[in-house]
Every structure is written in C-alpha cells, then in structure tokens.
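Undergrad: Prediction below, plus the sequence it came from.
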Amino acid sequence: MNARHKTKIIAFSRMLFILYIIFLAYFLFFSERYGRTTSTEEYRYNLTLFKEVKRFIMYRKVIGLESFLVNIIGNVFAFAPFGFVLPIISRDNRKFLNVTFLSFEFSLTIELIQLLFK
C-alpha cells in the first residue's frame, strides 16, 4: 500500500470518527426516544461497577427484549468503534495500554457529563 492510499484511509477514518462522536453524543444526550429530554430535580447516579448490567440481566423478562438489547449490547456496539478507529487515526495510540486508558477516559467523561447535566 502506497503512502497516498494510507493518507486517504486515515482522512476517511477521521471523518468517520467525527461522525461517530456526533451520533454518539446525540444518542447519549439528546435522543428523545430514550427519555433524554426529561429532567428531574434530584440526582440519580450509580457508582457500583456492573450494577446496572446485573439489573438488566436479572429483570430482562420484565423490561422487555428491546430495553435489554439497547442497554446491554447497545453499549458495547456504541463504544467499540472508539477502540477500533483510534489506532487508525492516531499513530501515537496504537499501543493496547494507550487505547485502554483513552477508552476509560472517554467513558468516564461521558458518565461525568451525564451526571452533571442530569
């Protein structure tokens, strides 16, 4: 593969990455379908690791298949592109530890934004 072809792939990957971030922000913060527009005066947060995952697995028959799939499998598919595309668009982030750390930071940032803005 020549240098010109690599440059095109990186440019295309960067455009896709930006689109991915925009769509992710929309679905995580603004999507009306999942109740993002309602606000309450009290904070509701969970700091226990995998508590919501356990709850969705335990009550999957009560909450229905769509809610189960959106919350369990949807989270995996929503954040997987970050870890796959990041090494393509950034030469500095091709090491497993860098990608893992940046993915953790990205997820933590989203959770903190959700906490701050309810």
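TA: Here it is on my side, so go on.

Undergrad: Give the closest residue to the spatially most central residue of the chain in space, chain neighbours not counted.
TA: By C-alpha atoms, centre = their mean, the chain has its centre lying nearest to residue 79, at 3.6 Å. Nearest non-adjacent residue to residue 79, counting by C-beta to C-beta, 6 or more residues apart in numbering: residue 107, 6.5 Å away. Quick note: C-beta positions are derived from backbone N, CA and C, even for glycine.

Undergrad: Contacts made by the one helix or strand that neighbour maps to with the rest, please.
TA: For residue 107, the host element (DSSP states H and E) is helix 96-116. Helix 96-116 has contacts (C-beta atoms under 8 Å, 6 or more residues apart in numbering) with 28-29, 43, 45, 79, 82-83, 86-87, 92-93.

Undergrad: Neighbour count says what about those residues? Which are buried?
TA: Neighbour-count burial (16 or more other C-beta atoms under 10 Å) is assigned, among the contacts of helix 96-116, to 82, 86-87, 93.

Undergrad: could the residues you listed be laid out in JSON lines, adding distance to residue 14?
TA: Formatted as JSON lines, those follow (distance: C-beta to C-beta, whole Å):
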{"residue": "82", "distance to residue 14": "13"}
{"residue": "86", "distance to residue 14": "11"}
{"residue": "87", "distance to residue 14": "13"}
{"residue": "93", "distance to residue 14": "13"}
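
Undergrad: Just the closest of these to residue 21, please.
TA: residue 82 (8.5 Å; C-beta to C-beta).
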